[in-house]
Structure formats: structure tokens, C-alpha cells
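Q: Pasting the sequence and the predicted model now:
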Amino acid sequence: MEKGLVALIIFLILAGTTGFSEEASQEEKAFVGQVVHTLDALHADHQKVWADYDISLSPIVIVFGNGHIYAFNLQAKSSEWQNQKIRGSTVLFSEKDSWGLSQIAMQSGFVIDGQESFVFNLGITQNNVSMQQQLLVLVHELFHLYQFEHFQGIKEKGAYVDQANVANLALIYVEDRILLDYLHSPKKGRKEHLKNFLAINKTRQGILQESSILWEKHQQIMEGLADYVSIKTYDQFNILPGFSGRTHLFKISSRQLGGDITQNAIKWRHYSLGATLGYALDEMNVKNWKKHVQNNEKSQSELLHEKIPLTQEQVSMRTEKIKKRYNFSGIKANLQKEIAVREANMHELLEDYEAVEGITITIENPADTKINGGGTSAGIFHMANGSTVSVKDISYAMSDDNLWKLELKEIPFVFQNQAGDRILKLDDQTKVELDGKSYRFQELAVMNSAVSFTTIVWDGDQCSFESNGRSGRVEVIDGKVNIRF
């Protein structure tokens with residue numbers, strides 16, 4: 001059989017092309033078909049992945065870079081929608097964006113035709129990411145919505161404060177190496193790798209501050225289990241040809257191992273780590289582990305420690321053997337040099353920030369709504385106090401109710417504290433409107449008392465911001481302007 005015919009047959013199976021716009025690419029058709037297949041599979045048999053997680057119950061809207069819009073589980077009320085039959089299911093399609101979706105990368109609770117919908121814009125979020133990875137990201141993000149509604153204790157985030165703890169970073173590196181061995185090994189030898197991981201993990205937990213332990217637990221539950229669900233979905237259901245969850249986890253874990261160790265410790269490793277521990281709990285047949293985690297009774301690692309108990313003597317003996325096997329002393333020495341270089345770079349970065357002209361502006365996140373957004377930068381650096389600083393930041397942020405919008409147009413330095421507030425410098429001549437009255441930042445910076453507002457708007461060369469219908473105030477402290485809500 002000719003390759004072209006084989007490809008066409010596979011495509012038709014995956015995408016179910018009936019009803020697609022003639023302008024839709026094969027990649028677009030395949031992606032939409034896979035979304036429908038995913039929704040159908042999880043609706044019919046979500047117990048294979050996570051009890052009660054049925055994403056077919058919520059409206060989902062996907063936007064392509066060419067302007068094509070597809071809506072799933074949405075009851076059409078607008079005349080803009082056309083019905084399309086894809087894999088036997090009705091999907092709404094529009095070539096006209098009457099809702100402003102092209103400006104949104106990803107947002108939950110966006111109201112379309114009177115229904116709160118999850119918007120996923122491939123035209124903004126794609127950034128050279130494969131369509132397969134985008135499908136995994138979609139399921140990952142949708143599981144967050146389930147977590148926010150059903151998981152207990154998810155507000156107990158902690159804060160990571162051990163990013164300069166060299167012994168911690170070295171043990172993290174060893175932990176990640178062990179889990180790669182676990183993912184790559186035949187089934188017979190996997191339990192031994194888990195014992196090695198648990199020994200190192202127990203040792204490492206002993207040198208962490210409580211705030212860091214809580215942060216790791218939260219990240220591995222929220223991000224790790226969202227990755228677990230997305231990967232498990234395509235492991236359980238034959239939607240992505242040739243997909244293997246263990247192979248996928250091995251690949252992403254390998255990439256992270258070669259990345260920035262500090263950012264890996266704070267954020268990125270917890271995605272694959274939390275997912276891998278979920279796979280380990282499945283493999284070890286830990287009863288009701290998902291229910292325990294969802295009810296905030298125990299984390300994945302705590303459940304695994306219970307399933308494979310090690311005495312303190314066993315932990316100590318294994319740890320010493322593992323340190324020698326993976327050259328712990330050499331890893332630690334190299335990391336010590338990296339941390340010294342990083343601290344010198346951070347000091348230089350802060351000096352560069354101080355040299356930037358302009359007035360310091362703090363933009364507070366409103367407490368009554370969720371903020372979504374995205375963007376790019378030349379680098380993100382983590383500070384000892386838990387804040388981050390983004391260099392050459394090009395990004396946007398938007399509230400769920402679409403009334404709070406921020407766009408950054410390559411700001412040299414943007415600091416963000418643990419509450420999510422952004423701190424940056426802007427031209428003091430930037431015009432600002434408070435409830436229709438015009439000011440410049442230079443004028444606001446010398447005010448002796450707070451100014452209340454319901455609407456605030458500015459549109460500068462480097463930054464645009466607006467907040468409508470939400471009570472706030474402008475406060476000035478030591479010449480720095482703070483936008484509070």
C-alpha cells in the first residue's frame with residue numbers, strides 16, 4: 001500500500017474530517033479529532049485515569065492561529081457558530097472571533113454565550129511546541145480546574161527557600177538520576193530504584209526548611225498530578241499512536257536534568273516527579289492513593305514511604321552507597337561553583353535594575369478573581385526571598401472576569417513576589433487615568449494621600465494596564481507608586 005494512502009487512512013481515523021472547513025490543515029483536523037476522542041474516552045471511562053474527572057462536562061474553546069475557533073460541550077446561542085460532525089460528535093466552529101479570543105492565551109471562566117468556558121489559544125501558546133505536547137498541556141490545564149474544585153488544602157503552598165542550599169541541590173540531582181533509572185529499567189528491578197529514591201528523599205527532607213517541604217508537596221500534587229493525568233490519559237486510551245507514558249516521562253525528566261538546577265529545584269522537576277511518583281503508586285498497587293492525595297491526607301512521596309518502609313539505619317546505609325555511586329561529592333563541588341556564579345550574576349542584575357530610569361510601580365493582583373496569562377523573557381531568576389525577576393519581559397495577564405488586563409512590552413526587569421504582585425519601572429511621564437481624570441506617574445509619585453478609583457487605565461510604550469469596575473487605590477510610599485485592589 002502506498003505511503004500517501006496509509007497516511008490518509010490514519011488521518012481519517014484520527015480526525016474524522018466530516019464537516020471541517022476547507023481551509024483547515026490536516027494538522028488542525030487531526031488535533032480537533034484527538035480532542036473529541038479524548039473527551040469521549042474520559043467521559044466513557046474516566047475511572048481509568050482519575051475518579052470523577054470528566055472533562056466532557058465543561059465547555060472548552062480552542063483557537064487556532066489562523067483564526068479558526070472550535071467549541072466543545074458548548075450550547076450554541078450565537079449565530080456565528082456552525083455545527084460540525086467530528087467522530088460522531090457535534091463540535092461548534094466559527095471563523096469569526098466575536099468574543100476577543102485571539103488576545104487570550106489560556107483562560108478559565110471566560111463567558112461565551114452565557115457559559116463559563118475554558119479558552120486554549122494554540123496561536124499564542126504553540127511557540128514551536130508539537131501538537132501532541134499541546135494536547136497533553138490541554139488535559140493538564142483542565143485537570144487544574146478539577147483540582148481547584150475538588151482537592152483539599154491546595155492553598156497551603158509554602159515558599160521555596162532552599163534554592164541556594166548546595167547539599168539540597170546535589171541530592172535533588174541524585175534523586176532525579178535515580179528516577180530516570182527507575183523509568184528506564186525493566187519491571188523486575190524497579191522496586192530497588194524506588195528504595196534508593198526514598199532513602200535519598202528522606203535524607204534530603206531532613207535538611208530542608210519546613211516552608212520548602214510544603215512547597216515541594218504542593219507542586220508535586222498540583223503540577224505533578226496534572227501531568228500524571230494528562231500522560232495517563234494517553235497511556236490508557238489509544239488516541240496518540242505509539243504513545244508511552246513511561247517513555248514520555250523519561251524524555252522530559254532527562255531534559256530537566258540538564259537544565260538550570262535552581263529553577264529545576266523550585267519548579268520544573270515537580271511536574272515529572274509528581275507524575276512519576278503517581279505511576280510508582282499505581283505499580284505498587286497502593287490502595288486509594290488518589291483519594292488520600294485529593295483529601296490532603298498524604299502526598300505521593302509520603303504514601304510511597306509508607307508502602308516501602310525503610311528504617312533509619314537502612315536509609316543511612318543506602319544513602320552512603322548511592323552517594324558514592326553517583327559521585328555526590330563531585331556534583332556538590334560543581335554546584336557550589338554554579339551557585340557562586342549565579343549569586344554574582346544576581347548582584348549584577350540588581351545593580352542594572354537600580355540603574356534603570358523611571359518610577360517604581362507595583363501592580364497588585366486583585367484578590368477576588370484568578371489571573372491568567374503568558375509570555376516570554378530572556379530569563380527568569382529566583383531570589384532568596386521567594387520573589388522572581390524576569391529579564392526583557394514580554395507578557396500579558398488577564399483576570400477571569402476580563403476586567404483586569406496587563407500587557408508588558410519588553411520591560412527590562414519585572415519582579416514578582418509570592419503574592420503575584422508585579423514590580424517594575426516605568427517612564428514618569430506616562431499618562432494615567434483614574435476614573436477619567438488624567439495624571440502622570442510623576443504627579444502621582446508626590447501625592448501625600450491615597451487616591452481611590454474604580455477604573456484605572458494607562459497605555460505606555462512599555463506597558464499597558466486597565467482595570468474596570470473594581471475598587472482600588474493608588475498609594476505612594478517613598479516615591480514608589482503602588483496600585484492596590
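A: Yep, it's here. Numbers count the residues shown, from 1 in each chain.
Q: Tell me what residue 390 is bridged to.
A: Beta-bridge partners recorded for residue 390 (DSSP bridges): residue 380, residue 414.
Q: count of neighbours near it?
A: By the other C-beta atoms under 10 Å criterion, the neighbourhood of residue 390 contains 23 residues. All C-beta atoms are positioned from the backbone trio N, CA, C, and that covers glycine.
Q: who's in contact with it?
A: Contacts here follow C-beta atoms under 8 Å, 6 or more residues apart in numbering; on that basis residue 390 touches 377, 379, 380, 411, 413, 414, 415, 416.
Q: Could you identify the buried members of those residues?
A: Taking 16 or more other C-beta atoms under 10 Å as the criterion, what is buried in the contacts of residue 390 is 377, 380, 411, 413, 414, 415, 416.
Q: I'd like those residues as JSON lines, with pLDDT and distance to residue 268 appended.
A: Listed next are the buried ones among the contacts of residue 390 as JSON lines, based on pLDDT from 0 to 100; distance: C-beta to C-beta, whole Å:
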{"residue": "377", "pLDDT": "88", "distance to residue 268": "15"}
{"residue": "380", "pLDDT": "86", "distance to residue 268": "11"}
{"residue": "411", "pLDDT": "94", "distance to residue 268": "23"}
{"residue": "413", "pLDDT": "95", "distance to residue 268": "22"}
{"residue": "414", "pLDDT": "96", "distance to residue 268": "20"}
{"residue": "415", "pLDDT": "95", "distance to residue 268": "20"}
{"residue": "416", "pLDDT": "93", "distance to residue 268": "17"}
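Q: of those residues, closest to residue 482?
A: When the buried ones among the contacts of residue 390 are compared for distance to residue 482, the smallest value, 13.2 Å, is given by residue 415; criterion: C-beta to C-beta.
Q: mind checking how far the closest one is from residue 351?
A: Remark: distance between residue 415 and residue 351 (C-beta to C-beta, to the nearest Å) = 14 Å.
Q: okay, and for this structure, where does confidence drop off?
A: Of all residues in the chain, those with pLDDT under 70 make up the ranges 1-22, 125-128.
Q: Please parse it into its domains.
A: Listed domain ranges for the chain are 3-150, 166-334, 359-484 (source: automatic domain parsing).
Q: Can you get me the start-to-end distance on the last one?
A: Counting by C-alpha to C-alpha, to the nearest Å, the length from the leading to the trailing residue of domain 359-484 is 16 Å.
Q: In contact with the residue nearest the centre of the chain, which residues are there?
A: Centroid-nearest residue in the chain, with C-alpha atoms, centre = their mean: residue 223, separated by 6.8 Å. Shown here is residue 223, whose contacts under the criterion C-beta under 8 Å, 6+ apart are 267, 270, 271, 274.
Q: Look at it and give its secondary structure.
A: helix (DSSP: H, G, I helix; E, B strand; the rest coil).
Q: Residue 257 versus that one, what's the distance?
A: Residue 223 sits at a distance of 17 Å from residue 257 (criterion: C-beta to C-beta).
Q: rewinding a little: most surrounded residue in the contacts of residue 223?
A: Highest count within the contacts of residue 223 by other C-beta under 10 Å belongs to residue 274, 26 neighbours.
Q: Figure out the helix or strand that that one lives in.
A: helix 269-283 (DSSP states H and E).
Q: Pull the distance from that helix to the chain's centre.
A: Taking C-alpha atoms, centre = their mean, to the nearest Å, the mean C-alpha location of helix 269-283 is offset from the chain mean by 16 Å.
Q: Can you list the buried residues in it?
A: By neighbour count, with 16+ other C-beta under 10 Å as the criterion, the buried positions of helix 269-283 are 269-281.
Q: can you check stretch 235-242 too?
A: Quick answer for stretch 235-242 (16+ other C-beta under 10 Å): 235, 236, 237, 239, 240.
Q: How about stretch 37-51?
A: For stretch 37-51, the neighbour count (16+ other C-beta under 10 Å) marks 37, 38, 39, 40, 41, 42, 46, 49, 50 as buried.
Q: pretty sure the second one is touching residue 230, no?
A: Read that as residue 38. No - here residue 38 does not reach residue 230: they are 9.7 Å apart, not a contact under C-beta atoms under 8 Å.
Q: Now the common contact residues for those two.
A: Any residue near both residue 38 and residue 230 by C-beta under 8 Å, 6+ apart counts here, and that gives residue 139.
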